[in-house]
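J.: Provided below are the primary sequence and the corresponding predicted coordinates.
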Amino acid sequence: MDPAPVLVVGAGPVGMATALALARQGVRCVLADQGFETSVHPKLDYVNSRSMEFFRQLGLADGIRAAGVASRHPADVIWSTGLAGRPLTTWALPSVDEERRRIAAYDDGTRPAEPGQRISQIDLEPVLRAHCRRSHLVDLRPGLRFDTLTQDDQGVTSNLRDVMTDERIRIRSRYVIGCDGASSRVRAVLGIGEDSFGVPGLPGAFMVHFKSRDLASLHRHGPFWHYFAFRYVVIAQDEKDTWTAHVNGAHPDEFATPPADPAGFLLATLGTELKIDKVLLTSRWRPGFMLADRYRAGRVLLAGDAAHRMFPTGAYGMNTGIGDAMDVAWKVAALVRHTGGPALLDSYETDRRPVGLRNMRTSHRHIGVHMKAGELLRGGVPPAAVAEFLDGERGENEYRGVELGYRYDDSPVVCHEDGPAPPWTPEAYTPTTWPGSRPPSVLLTDGTPLFALFATEFTLVDFAGDGRAGPLLRAAAAQGVPVRHAVVRDARARELWERDLVLLRPDHHVAWRGNRAPADPGAVVRRVRGADPAR
């Protein structure tokens, strides 16, 4: 039997991010995937700002930027009646370069530390795969299909099969993290159900992924990232010659039999001349909404699409999964290293499931904007009025409160405070170090991002530097919990961070804060490392 501290099932973006986040914590894992190659499907086209902050922590951000759309290109979204019709309005969204300028110019804590990045999953996965292969702590095993598992008090025994030889392989691990997608076998084996929370699915869609250098036709209403025409959407994958079109069905069975001539079908749908150089890939897919009833059963945890599924609007799917990966990895790693307590496992679902639910519902709200605008247009509402409606509902790729402002308000491994919580809206991120939140990103007076001072382990950000951090640091050392002590002399950062002392978890969410040492520093450390579930 092959032993490993952690088995990660599924080597998509979330599985690979989980493996690399475990490695960052010094924990070895087996990363098993039934496939041999990275994805050829353009399932996503945007890594949002919070995920890019996480990827910066993992040392991946520069590689992802190099593989993605060049930083000078904006991300404009054009709404129209179709390429053969007329434009309605444009949501102008900044390029990476422009967003960096805004981050520097408006250093008020409301901005992300990293701009988002346009990149296809086809181009993202090889970057992650290369880092997995280079890590001596990630044992990547392609061609292994997960079948079933059993648990006991000491660990999990997983049964897998080699897809080439049909050989049975057993892996013994302390924990299993299921990142095996929407049809998760891990979830099914655990008997974990699904809930749509009353959010309905939608009719099927047909995708045509293609090459075309006919910019005169595609850009007749201007360059774009997304081109929404209600019946279809066209996505610019690389600002050169690669595109993806999704055609929405009018009823669930419209694409039960796929079009025999995908290029001809697409041209007929667009209703205009377009030179298609090559059809790369086609697929039928059924959008839907799902949240797993539970994120955990014993020593087995779910992340990514295995735990939640949502429509692509807002790009919340994979990005929610990257947040899952960063949360589950530090907690499982702490348990493997014997620095964490049992409340860490409970806290994973408490922290992440509300985020999955909110993001699923926000995704549904965004698709509702698309549907409503289409209804208005078909109902004879003047195009100018439809454009006005769309301009008032442009949060799809701009909801900073959703991307950056989620908080772990009920986490059992956060030291909560009495009193009213700071305001939250989907539209804007409120800079705060309220316990459970992502803290404000600030550029220090020398230009250094404050986020660059954060450690792999816990970080105690100390704006006083007068010794009052000592009791908490000593209590952490006594319990074997590594903490980086970061003394920061910056009045503006201190104002935005609201307290003299702020303790961050390894996922860089606030665990505790105060203006002086806590009355019982040992209790604080027990709480944040999951050893004291009470309170």
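T.: Arrived safely. Numbering: from 1, shown residues only.
J.: What's the biggest strand in the chain, counting residues?
T.: For the chain, the longest strand by residue count, based on DSSP state E, is strand 168-178.
J.: Residues in contact with it: which ones?
T.: For strand 168-178, contacts defined as Cβ atoms under 8 Å, 6 or more residues apart in numbering pick out 1-10, 15, 18, 30, 32, 144, 149, 154-162, 184-187, 190, 299-303, 306, 328, 332, 335-336. C-beta: built from backbone N, CA, C; applies to glycine.
J.: and that strand, how far out from the chain's middle?
T.: 25 Å (Cα atoms, centre = their mean, to the nearest Å).
J.: Mind listing what's buried along the next helix or strand after that strand?
T.: Next in sequence after strand 168-178, counting helices and strands by DSSP states H and E, comes helix 185-190. Neighbour counts over helix 185-190 (16 or more other Cβ atoms under 10 Å) mark 185, 186, 187, 189, 190 as buried.
J.: what sits against the last one?
T.: Shown in contact with residue 190 (Cβ under 8 Å, 6+ apart): 178, 297, 300, 302.
J.: if we can go back for a sec, and the longest strand of the chain, which strands flank it?
T.: strand 2-9 (parallel), strand 156-162 (antiparallel), strand 300-302 (parallel) (DSSP bridges).
J.: what sits up against the longest one?
T.: The contact list for strand 2-9 (Cβ under 8 Å, 6+ apart) reads 15, 18-19, 22, 27-33, 139, 146, 156, 158, 169-180, 185-186, 332, 336.
J.: any idea how far residue 84 is from the closest residue to residue 248 other than its chain neighbours?
T.: Take residue 248 and drop its neighbours on the chain: the residue closest to it by Cβ to Cβ, 6 or more residues apart in numbering is residue 205, 5.3 Å away. According to Cβ to Cβ, to the nearest Å, residue 205 and residue 84 sit 20 Å apart.
J.: what do you get for residue 33?
T.: Distance, residue 33 to residue 84, using Cβ to Cβ: 42 Å.
J.: Tell me which of those two has more neighbours.
T.: residue 33 (25 against 12; other Cβ atoms under 10 Å).
J.: coming back round to it: what is the rounded mean pLDDT of the longest strand of the chain?
T.: Averaging pLDDT along strand 168-178 yields 97.
J.: returning to what we had before: closest one of the buried residues of helix 185-190 to residue 366?
T.: The closest of the buried residues of helix 185-190 to residue 366 turns out to be residue 187 (Cβ to Cβ; 25.6 Å).
J.: Mind pulling the model confidence for the closest one?
T.: You'll see residue 187 listed with a pLDDT of 98.
J.: got the contact list for it?
T.: Shown in contact with residue 187 (Cβ under 8 Å, 6+ apart): 178, 180, 292, 302, 306, 307.
J.: again, only using 7 Å
T.: For residue 187, the contact set (Cβ atoms under 7 Å, 6 or more residues apart in numbering) comprises 178, 292, 302, 306.
J.: what about the last one, how many residues close to it?
T.: Other residues near residue 306 number 32, with proximity taken as other Cβ under 10 Å.
J.: Name the nearest residue to it, ignoring sequence neighbours.
T.: residue 184 (3.6 Å).
J.: Just the pLDDT for the one you found.
T.: 97.
J.: same thing with residue 288?
T.: At residue 288, the pLDDT recorded in the model is 86.
J.: burial of the residue lying closest to it once chain neighbours are set aside, as a residue count?
T.: Distances taken as Cβ to Cβ, 6+ apart put residue 201 closest to residue 288, at 4.0 Å, once the chain neighbours are dropped. Residues within reach of residue 201, counting by other Cβ under 10 Å, total 14.
J.: State the distance from residue 201 to residue 310.
T.: Residue 201 is 11 Å from residue 310, by Cβ to Cβ.
J.: list the residues that contact both of those two?
T.: residue 289.
J.: ok so, going back, which of the strands paired with strand 168-178 has the lowest average pLDDT?
T.: strand 2-9 (a mean of 91).
J.: Report all helices and strands that the following helix or strand past it contacts.
T.: Next in sequence after strand 2-9, counting helices and strands by DSSP H and E, comes helix 13-24. For helix 13-24, the packing partners by 3 or more Cβ pairs under 7 Å, 6 or more residues apart in numbering; DSSP states H and E come out as strand 2-9, strand 29-33, helix 121-134, strand 138-142, helix 316-336.
J.: now residue 51, what's its secondary structure?
T.: helix (DSSP: H, G, I helix; E, B strand; the rest coil).
J.: what about the nearest residue to it once chain neighbours are set aside, neighbour count?
T.: What sits nearest to residue 51 in space, not counting adjacent residues and going by Cβ to Cβ, 6+ apart, is residue 322, at 4.3 Å. Residues contacting residue 322 under the criterion other Cβ under 10 Å number 25.
J.: From residue 21, how far off is residue 322?
T.: Relative to residue 21, and taking Cβ to Cβ, residue 322 is found at 9 Å.
J.: What's the end-to-end length of stretch 58-73?
T.: Terminal residues of stretch 58-73 are spaced 25 Å apart (Cα to Cα, to the nearest Å).
J.: same question for it, mean pLDDT?
T.: Per-residue scores along stretch 58-73 average to 98.
J.: okay, which residue is most central for this protein?
T.: residue 319 (1.6 Å; Cα atoms, centre = their mean).
J.: tell me the pLDDT at that one?
T.: The per-residue pLDDT reported for residue 319 equals 98.
J.: related to what we said a few turns ago, just list the residues touching the residue nearest to residue 51, thanks.
T.: 14, 17, 51, 54.
J.: how many other residues sit next to the closest residue in space to the first one that isn't next to it in sequence?
T.: Looking back up the chat, that one is residue 14. Counting by Cβ to Cβ, 6+ apart, residue 14 lies nearest to residue 304, which is 3.2 Å off, once chain neighbours are set aside. For residue 304, the count of nearby residues is 31 (other Cβ under 10 Å).
J.: that older thread, what's the farthest-apart pair in the contacts of residue 190?
T.: 178 and 297 (9.7 Å).
J.: quick one: which of the two has more around it?
T.: Using other Cβ under 10 Å, the more surrounded residue of residue 178 and residue 297 is residue 178, with 32 against 18.
J.: Just give the nearest non-adjacent residue to the more buried one, would you?
T.: The shortest distance from residue 178 to any non-neighbouring residue, by Cβ to Cβ, 6+ apart, is to residue 186 (3.0 Å).
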